[in-house]
Every structure is written in structure tokens, then in C-alpha cells.
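Novice: my questions concern the predicted model and sequence given below.
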Amino acid sequence: MELLLIFIIGLLHAAGIYMLLRRSMFKMIIGLILLGNGVNLLIFLLGRLVKGKPPVIDEASKVFTEIYADPVPQALILTAIVIGFGLQSFAIILIKRVYKVLETDDLDELNSTDEEI
Amino acid sequence: MASAVLLLFFWSYIKAQKFLSVILSLVGLGISIWLFSAVYDGGMLVTQSGNWSAPFGISFVADTFAVTMVLLAAIAGFAVSVFATVSMNKARLQFGFFPMLHFLIMGLQGAFLTGDIFNLYVWFEVIIISSFVLITIGGKKAQLEGAIKYVALNLLASIFFLIGIAFLYGLTGSLNMADLALKVQEIENKGLINVTASLFLVAFGIKSAVFPLYFWLPASYHTPPPAVAAIFGGLLTKVGVYAMVRTFTLIFVGDDFLSLVLSVMAALTILSGALGAMVHQHLGKIFGYLIICHIGFMMAGIGMMTELAIVGTVFYLVHDIIVKTNLFMVSGIILKINGTQNIKELGGMYKNYPLLSLLLAIPLFSLVGIPPLSGFWAKLFFIQGGLESGEYILITFIVLGSFLTLWVIAKVWVEVFWKKGVNLPKKAIGRYFHELRQREKWVLLLPIVFLSIISLYIGLGAENIISLSQRIASELMNPAAYIENVMSQNQIEL
Amino acid sequence: MKSLIFQTASRYLLPLLLLFSVFILLRGHYLPGGGFVGGLMAAIAFILYSFAFGLKETRSIVKLNPRYLMPIGLAICILSAISPWLVGLPVMTGLWYDEPLQLIGMVGSALFFDIGVYLVVIGSTLTIMFSIIETI
């Protein structure tokens, strides 16, 4: 399971970076989304995987005695997903606006801010 | 306790109304002053949200450094929200400029006060999402272009930040900064720690625009309206510096490799910022490059990692937030008067508005650090700190950076204020300065006067700020008290 | 989209999805569910309806401009987050009403926080989607 996740994370990161390096704005956003998902899986992996063990304590005991699933990475991923959702929807709308105003999807043509005004 | 600061949450969902906005910023300023004095007199305050004890719950920590930054953010926020009541046009106000401004300031306050690394990430996201909206609203072509670069790079930075957090959690199993400080010391594998630290360095480096990662800043900062640029230039990059100081004094301490990297980056940042400022003609771009140059000074302080240098960094942060905010508002006034920000076209300001020019001279020259003004003292500490630890190359760069800044500011002064003015063609920028009513003129100038007085105070009453910075630096260099305060307590107070 | 099957189906799906979203909202905290998912579900219900009948119809059903749901939801969130101050506990401590209520179950400040999140999510998602649909 760990090995599979590692490969998936690597794949997502590679695909994300490849997309980021393209000149199209839309591909850039898709790349950022892929990278974000890759990182979420990475957090999940680094929180140590355990199968079928909920983070629940016995009624009698005060601390964990058995192996348990760490709830913190899940909370982190959930937060990251929610934040990512907000940022990505904003970025998509922004790109749509930019495309409408500038009528180009090519990042190389977005260079008017670097010129002297 | 730190509860008072969370009161600032109330700022956020208020409908866009100028009056309410100014009043609420004033209330926020009052609360920050209260918090500052409470911490300054009574020492560090800690609250655990959700009543979970330290390494598990999210703690908010108000030490002297944090509250100083909160106070500065509140001052700058107040000044900008006054400035914006007149300088922003109606369309932008309808799209919720003021709620977003307050969201941004709330995010900043949260980022300064939090004691949890993932919570820091969440506050960073609050900051960038509101800054995204601020940089895009009401935008024309150039502004949208600037915005897309800003958005893409910042999204990438937060992804790096998240990867860093993931590694840190995988290594230590904790997210609380005080707890991390203890656990990172115990880890054997220094290589992995260095990798993690580098990830944080890249993330904060993009945010604060240091050498190889600064390209988004000059491409985007001159495009939004001056009020937005003021709050961005004053505060946003400084959050990155703040986070850097926090993580590198608390979590990743005492690593030669990292301080070497930091020093090299600092030197190159100073150089590239200063050179960039020299070649450009647009006021917004010049100030943008000056931000980069001065971020380099602060980085240099972190790189030297002696107590004296940290004093310099903190002092420079205090000075820079006030002055840079002021500077962008000055450029806004110049735009209002002349309708352009190109210094080749400008001129004759001194002849037409002599008193105004004198006022505008204060922020310009305190940036350079002409002795009685505020920039001077910080540089003194950098150079002392550098001499102490024998970093002569870094000192050379700092001195060089200061000279180039002086040159740039002198050029701006000569071109804009002393050169003979020409009649400029009228442009559609809304209303010109002389068309405004008397009351509106004062509202525009008041925040500049306010910030100038503060920066004069920083310069002339320097001994107070120095003792404050020294206290902060000694707290930062000896994090034991911080760790103990966060970890040991379970007291519940209000 | 003017498909009869789709229109008829979405007319019945709207109340069902809304009901289910409230169920998900109340089910949260100890079981999978909660404000964010519930809010997304409710937003999807309206978006589906707007696909079938167009934006105008949907707006007339929603009545309230979704933009106003955001501040209301935020206000509820913040009030529930700072309510522990009143009894002298740090921010965001969970306060619980002792007896479980009928139908809803245990009521606490976390529930109100979730309701706030629910409203914010509906508000922001609908605002975004409506503004996209408008320009197509």
C-alpha cells in the first residue's frame, strides 16, 4: 500500500510540474491542482498508514495501547482540501476573466507589465 | 487573554461602508495597543483554543515579537483604510474592497499570533485569498496580468509550504511550534531536517520575494491601485520575513549550511533589488524593487544569526512596515496630482506644492536612513552585528545596497520634485487632486502625516525601539522561555 | 437543457437532495458528514436545477441572493466560536447541552459552527457558479 501511494504521489507531482511548465494558463491551473492533490496524499502517507484501526480508546484505559489511525493527517488533508477548493475556484474564475480581457491563453504574451509604461 | 485579538474577527463580515471600516480599524488599533502593553508589561500570553492542552490543540502565543507585529499591522491597516476612503473608486468599493481589506488584516494578525505551524498555513491562505481578491478587483488589462502571475506563484508557494509541513509531521509527529523545537533537536538524520528547512525557505522566500524567487513582485505590485499596493508593500512580504524569523530561530536552529544559504541569498537579493530600482522609470516599479532590496537587509540579519543582527532585523521590520506603507501612499498622491507615475514625465512638484513636498520627503529619506531618520539605526545594528561575527562580504553588500538606495531616492527626488515641470496631458484617472474637495484632500494626507510622525518617532526616539528590539531578539535567541510557556501551562484565563 | 426526463427528474431531486444535505449536516461530528459536505450537496441541488430550468427559475426559487448567505453564515460561526468566553473557557471549546433533543440528538456549539459553515459554503458556491453560468 505504501509503495503504491509513493508511486501515485510521484506521478502526480511529475504530471503537475510538467503541466506547470507548459505555456498555457489552463494547463498551469491543472498542474497546480494535480500538485495540490499529490501533496495531500503525501501528508496522508507521512501520517503512517494503518488498516482498519480507528483512533478510539478503550473505555477503561486512558491512553492508546494498540496501533491506531492518526486522526491529525486526516484533519490536515480535509483543511487543505477545503482551502484548495476555494483557491482553485478563484483561480479558475480569474483565468476566465483574463482570457476574456486579453483574448489569449499563452503565458508568453502576458508581458505588458514588464515593459516600461 | 489573546481573546481580545480574536475580537478582530468581527471586522470581517461588515458590509462595505467607509465609515464603519474606519471606525472598526480604529477599534482594532486600540485592541492591538492594549494587547501590546499587556504583553510588554506582563510577559508572554498563551491561549489554547478548544481547551486542548499544548502539543495537541492549536495554541495562540502572544510574545513580544508577535504583538509588535500585530500592532504594526493594525497601524498600517488603519492608515490604509483611511486613505482608501477617498482614493478608491466606486466600482471597487462595490466589489467588497473593505471587507477584503479587513480579512487580510485579520489573516495577518492570526499569522503573527499563532503557535502552530499548520495554523500558520491556514492564516497564510486567508491572507493570500483576500490579497488575490484585492489585487484583481476592478482590474484592467495590466492589473489582471499582474494578478495572474501573483496568484500562480503564491499557489505554488503554499504547495511548498504544505510539503514542508508534511515532512515535518512525518519526522516528528507534531505541529505545535514549541513542541517541534524540542523534537527537531532530537532527530538524528540532519539531512532530512535540512531538506525540510529548505522547503520552508523556498515557501517563505516566494512570499517575501528574495533573490531567485522575486520575479512576481515587480510584475504585479505596481498594477493595483495605490491603497492596495500600500498594504501589500507594507505587510505581505513582511509576513514571509516574520515566518522565516520564527521558524529559523525556533525550529531549525544553528545550522551552518542554512545560514550560509541565507547569507548568499540575502546578498544577491540586495544587489538585484537595488539594480532593478536603478533602471526603472515607473515609481511603482522603483518602490517594488526597493522592497526586494530591503527584504535582503532583513534576510542578512537572519543569515548572520547573532543577537545583534536579529536586533537589526526586528528594528528594520518595524521601520520598513511603516515606511513602505507610507511610500506607496505617497506614490498614490503623486499619481493623483499628476496623472502619471513615470518619473521622466513628472516634475515641478516642489514649485507647485512646497509644503506637501516637505511632507513627502520624510518617508522618502527615512527609507535611505539619513541619520536622524528611522532607517539609520537598523543599518547600524546590521553592520555592528556583521563586524562582530566577521561577515565582511555581507557588510559590503549592505553598505552597497544603502548607497544604491540613496542614489535611487535622490534620483526620484530630483526628477519628481526639483526638475522643471511640464504640462501633462490629462488622463482618465478619476478626479485629479486639485479637483477634490478640501476635506477629501485632508483625508488623503492624514494617514501619510500619521505614518510620518510614527517614522519620525522611530528615528528620534530610537532608544525605545532599540530596547524593544533587543528584548525581542533576546527572546528569539533563547527560545526556552517560549517553549516552556506554551508547553507547561494549562491555565485558563480571559 | 430542454430534456423532459432531466427536467422532471431534477424537479423531484431538488427537495430530496436538500433533505439529504440537512441529514448529512446533522449527522456530522461523530460520523462522516458535516457542514462543508452538506453545503456542497445543497449547492449541487440548486446547480442541477439551474441546468434543467435555467438561471432565472433557480434564482426565483432561492429568493435570497446567495451572496448574503456568506456574512450570515460567518456571523453564526464566529458567535459559536467565541461563545465559550461567556462561561470562561478558551475560544472554540465545545459546549454541550446536557440532554439530547428529539430528532436532532446532542446539541452543542459545534452544531452551530457547522450550520454556519453550511451557509457559507452554499453562499460562496452558488455565487461562484451563478456568476459563471451568467456569462456563458
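Specialist: Received, thanks.
Novice: right, and chain A sits closest to which residue of the stretch 301-450 of chain B?
Specialist: residue B:342 (6.5 Å; C-beta to the nearest C-beta). The way it works is simple: take the backbone N, C-alpha and C, and place the C-beta from them, glycine included.
Novice: kindly report the residues of chain C close to chain A.
Specialist: C:36, C:124, C:128, C:131, C:132, C:135 (C-beta under 8 Å from any C-beta of the partner chain).
Novice: in strands, which of these fall?
Specialist: Among those, no member is found in strands (DSSP state E).
Novice: please indicate which of those residues are buried?
Specialist: Buried members of those, scored by 16 or more other C-beta atoms under 10 Å in any protein chain shown, are C:36, C:124, C:128.
Novice: and of those residues, the nearest to residue C:113?
Specialist: residue C:36 (11.2 Å; C-beta to C-beta).
Novice: isn't that closest one right next to residue C:115, touching?
Specialist: No. At 11.8 Å, residue C:36 does not count as touching residue C:115 under the criterion of C-beta atoms under 8 Å.
Novice: roughly how far out does whatever helix or strand residue B:164 lives in sit from the chain middle?
Specialist: Residue B:164 is located in helix B:141-172, with elements delineated by DSSP states H and E. Helix B:141-172 has its C-alpha centroid displaced from the chain centroid by 18 Å (C-alpha atoms, centre = their mean, to the nearest Å).
Novice: what mean pLDDT does that helix get?
Specialist: Averaged over helix B:141-172, pLDDT sits at 85.
Novice: just want the phi and psi numbers for the residue of the stretch 301-450 of chain B closest to chain A.
Specialist: The phi/psi pair for residue B:342 (degrees, to the nearest 10) reads phi -80, psi 120.
Novice: distance of residue B:328 relative to residue B:288?
Specialist: 9 Å (C-beta to C-beta, to the nearest Å).
Novice: joint contacts of these two?
Specialist: residue B:233 (C-beta atoms under 8 Å, 6 or more residues apart in numbering or on different chains).
Novice: would you mark the buried spots in stretch B:257-267?
Specialist: Buried, per 16+ other C-beta under 10 Å, within stretch B:257-267: B:258, B:259, B:261, B:262, B:263, B:265, B:266, B:267.
Novice: among the residues you listed, which are located in helices?
Specialist: Per DSSP state H, helices hold the following members of those: B:258, B:259, B:261, B:262, B:263, B:265, B:266, B:267.
Novice: so which of those is the closest to residue A:95?
Specialist: Residue A:95 lies nearest to residue B:265 out of these, by C-beta to C-beta, at 31.3 Å.
Novice: I'd say that closest one and residue B:208 touch.
Specialist: No. The pair residue B:265 / residue B:208 is not scored as a contact, 10.7 Å apart, by C-beta under 8 Å.
Novice: sorry, back to before: wait, does the helix holding residue B:164 contact chain C?
Specialist: No. Interface with chain C: helix B:141-172 contributes nothing (C-beta under 8 Å from any C-beta), its closest point being 15.4 Å away.
Novice: buried ones in that helix?
Specialist: Buried residues in helix B:141-172 (16+ other C-beta under 10 Å): B:142-172.
Novice: filter these by proximity to chain A?
Specialist: Of the buried residues of helix B:141-172, the ones that also sit near chain A (C-beta under 8 Å from any C-beta) are B:142, B:144-149, B:151-152, B:155-156, B:158-159, B:162-163, B:165-167, B:169-170.
Novice: pLDDT at residue 64, what is it?
Specialist: Let's take chain A. So, for residue A:64, pLDDT stands at 59.
Novice: if you could check chain C rather than the one you did, that'd help
Specialist: pLDDT, residue C:64: 74.
Novice: quick one: it is in a strand?
Specialist: No. Counting by DSSP: H, G, I helix; E, B strand; the rest coil, residue C:64 is not found in a strand; it is coil.
Novice: closest residue of chain C to chain A?
Specialist: For chain C, C-beta to the nearest C-beta, closest residue to chain A: residue C:128, 5.3 Å.
Novice: what distance do you get for residue B:199 to residue B:268?
Specialist: Distance from residue B:199 to residue B:268, by C-beta to C-beta: 20 Å.
Novice: angle of the longest helix along chain A against helix B:141-172?
Specialist: Ranked by number of residues, the top helix in chain A under DSSP H is helix A:71-102. Orientation check (axes from the mean of the first three to the mean of the last three C-alpha atoms, to 10 degrees): helix A:71-102 against helix B:141-172 gives 170 degrees.
Novice: what helices or strands is helix A:71-102 leaning on?
Specialist: helix A:25-46, helix B:117-136, helix B:141-172, helix C:109-135 (3 or more C-beta pairs under 8 Å, 6 or more residues apart in numbering or on different chains; DSSP states H and E).
Novice: which non-adjacent residue is nearest the closest residue to chain C within chain A?
Specialist: When scored by C-beta to the nearest C-beta, chain A has residue A:89 as its residue closest to chain C, at 5.3 Å. Closest residue to residue A:89 apart from its sequence neighbours, by C-beta to C-beta, 6 or more residues apart in numbering or on different chains: residue C:128 at 5.3 Å.
Novice: check the gap between that neighbour and residue B:172 for me.
Specialist: For residue C:128 relative to residue B:172 (C-beta to C-beta), the value is 38 Å.
Novice: same check, this time on residue B:351
Specialist: Counting by C-beta to C-beta, the gap from residue B:351 to residue B:172 is 63 Å.
Novice: again, but for residue B:245
Specialist: If you go by C-beta to C-beta, the gap between residue B:245 and residue B:172 works out to 21 Å.
Novice: up against chain C, what does chain A have?
Specialist: A:78, A:82, A:86, A:89, A:93, A:96.
Novice: among those, which ones are buried?
Specialist: residue A:86.
Novice: of the residues of chain A next to chain C, closest to chain B?
Specialist: residue A:86 (6.1 Å).
Novice: okay if I get the ones in helices among the buried residues of stretch B:257-267 as a markdown table plus distance to chain C?
Specialist: A markdown table is the format used below for those (distance: C-beta to the nearest C-beta, whole Å):
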| residue | distance to chain C |
| --- | --- |
| B:258 | 35 |
| B:259 | 37 |
| B:261 | 38 |
| B:262 | 35 |
| B:263 | 40 |
| B:265 | 38 |
| B:266 | 38 |
| B:267 | 43 |
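Novice: in these, find the pair that's most separated.
Specialist: Maximum pairwise distance in those, criterion C-beta to C-beta, is 15.1 Å, between B:258 and B:267.
Novice: and the least confident of the residues of chain C next to chain A?
Specialist: Ranked by pLDDT, these bottom out at residue C:135 (71).
Novice: and the gap between residue B:161 and residue B:125?
Specialist: Distance of residue B:161 to residue B:125, computed by C-beta to C-beta: 9 Å.
Novice: so where's the chain shaky on pLDDT?
Specialist: No chain was given, so I picked chain A. Residue ranges of chain A with pLDDT under 70: A:49-69, A:110-117.
Novice: my bad, chain C
Specialist: Along chain C, segments meeting pLDDT under 70 span C:1-2, C:28-30, C:82-109, C:136.
Novice: try 80
Specialist: C:1-3, C:27-35, C:54-113, C:131-136 (pLDDT under 80).
Novice: where do the helices sit along it?
Specialist: Counting by DSSP H, the helices of chain C are C:4-27, C:35-53, C:55-62, C:69-82, C:109-135.
Novice: tell me what angle the third one forms with helix C:109-135.
Specialist: It refers to helix C:55-62. Using the same axes, to 10 degrees: helix C:55-62 against helix C:109-135 is 160 degrees.
Novice: which strands or helices does helix C:55-62 pack on?
Specialist: Checking 3+ C-beta pairs under 8 Å, 6+ apart, helix C:55-62 ends up next to helix C:35-53, helix C:109-135.
Novice: and with 6 Å instead?
Specialist: Here helix C:55-62 touches helix C:35-53, going by 3 or more C-beta pairs under 6 Å, 6 or more residues apart in numbering or on different chains; DSSP states H and E.
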